[in-house]
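> The following comprises the amino acid sequence and a computationally predicted model.
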Amino acid sequence: MPLAIQARLLRLLEEKEIVPLGSNTPVPVDVRVISATHRDLEALVADGAFRMDLFYRLNGVALTMPPLRARADRAALIEQLCREESNDAAITIDQDAWAILLAHDWPGNIRELRNALRTAIAFAEDGRIGPAHLPRLAPRPNPATPPDSGHADDRADPGERGQILAELERQHWRIAGTASALGISRNTLYRKLHRYGLMRVAQ
């Protein structure tokens, strides 16, 4: 979301009114916002790509959805999706196919799993899914290693978290004063707050 649109959303949430296109008359609105993202908003705040005031305005009850590979109910989910994709037809999964389905990392999460089962059901004409019926499953992508920025403030320091925390408390959690006392920019401080898990308490 571009920063200009973020400002408009923040204004909507604060003023609870909008101005329709082609009109100069504000219209009151009564809304509750439910938002979802696959991005790390705290990191975006630290990088200046997401407004901090909007982040704290939206950051109420936060639910984290685990990736499919981390879910303990994968077997039950596979059975449920099989029923959905087969319109409740009788589908059997061979032991070897089960092993493949349960061992795969599923980088595409449920969309990838659903598509794999849909393909397997289409090819398993007798209603019995074997390894040969499963599509070629994509490998889990390796996360890219971020390039070395060459700046000393981006390198980890075991004692740095304690130093930052102590200064934050001395400055009563004022970001500008803390950054100045530490001799770093506010953006650099935000990155460090995110790295050391202090972002949620810093204001």
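That came in fine, so what should we check first?

> what's the pLDDT at the most centrally placed residue in the chain?
With distances taken as CA atoms, centre = their mean, H38 lies nearest the centre of the chain, 3.0 Å away. Per-residue pLDDT puts H38 at 83.

> same question, I121
Reported pLDDT for I121: 93.

> What's the separation between it and C82?
I121 sits 7 Å away from C82, going by CB to CB, to the nearest Å. (Each C-beta comes from the backbone N, C-alpha and C, glycine too.)

> What of L68?
Going from L68 to C82 by CB to CB gives 15 Å.

> residue contacts, the residue nearest to A90 when sequence neighbours are not counted?
Closest residue to A90 in three dimensions, ignoring its sequence neighbours and counting by CB to CB, 6 or more residues apart in numbering: G127, at 5.5 Å. G127 makes contact with 86, 89-92, according to CB atoms under 8 Å, 6 or more residues apart in numbering.

> mind redoing it with 10 Å?
By CB atoms under 10 Å, 6 or more residues apart in numbering, the contact list for G127 reads 86, 89-92, 121.

> thinking again about what came up before, joint contacts of I121 and C82?
Common contact partners of I121 and C82 (CB under 10 Å, 6+ apart): 89, 91, 129.

> Which ones among those lie within strands?
Members of the shared contacts of I121 and C82 lying in strands (criterion: DSSP state E): I129.

> And the strands in the protein, which stretches?
Counting by DSSP E, the strands of the chain are 17-18, 27-28, 92-93, 128-129.

> got the contact list for the last one?
Strand 128-129 has contacts (CB under 10 Å, 6+ apart) with 82, 86, 90-94, 96-98, 100-101, 116-117, 119-121, 123.

> Quickly run through the sheet partners of that strand, with directions.
With DSSP bridges as the test, strand 128-129 is paired with strand 92-93 (parallel).

> Let me see the mean pLDDT of the strand it pairs with.
Rounded mean pLDDT across strand 92-93 is 94.

> outside of that strand, which residues touch it?
The contact list for strand 92-93 (CB under 10 Å, 6+ apart) reads 75, 78-79, 82, 99-101, 117, 120, 124, 126-130, 133-134.
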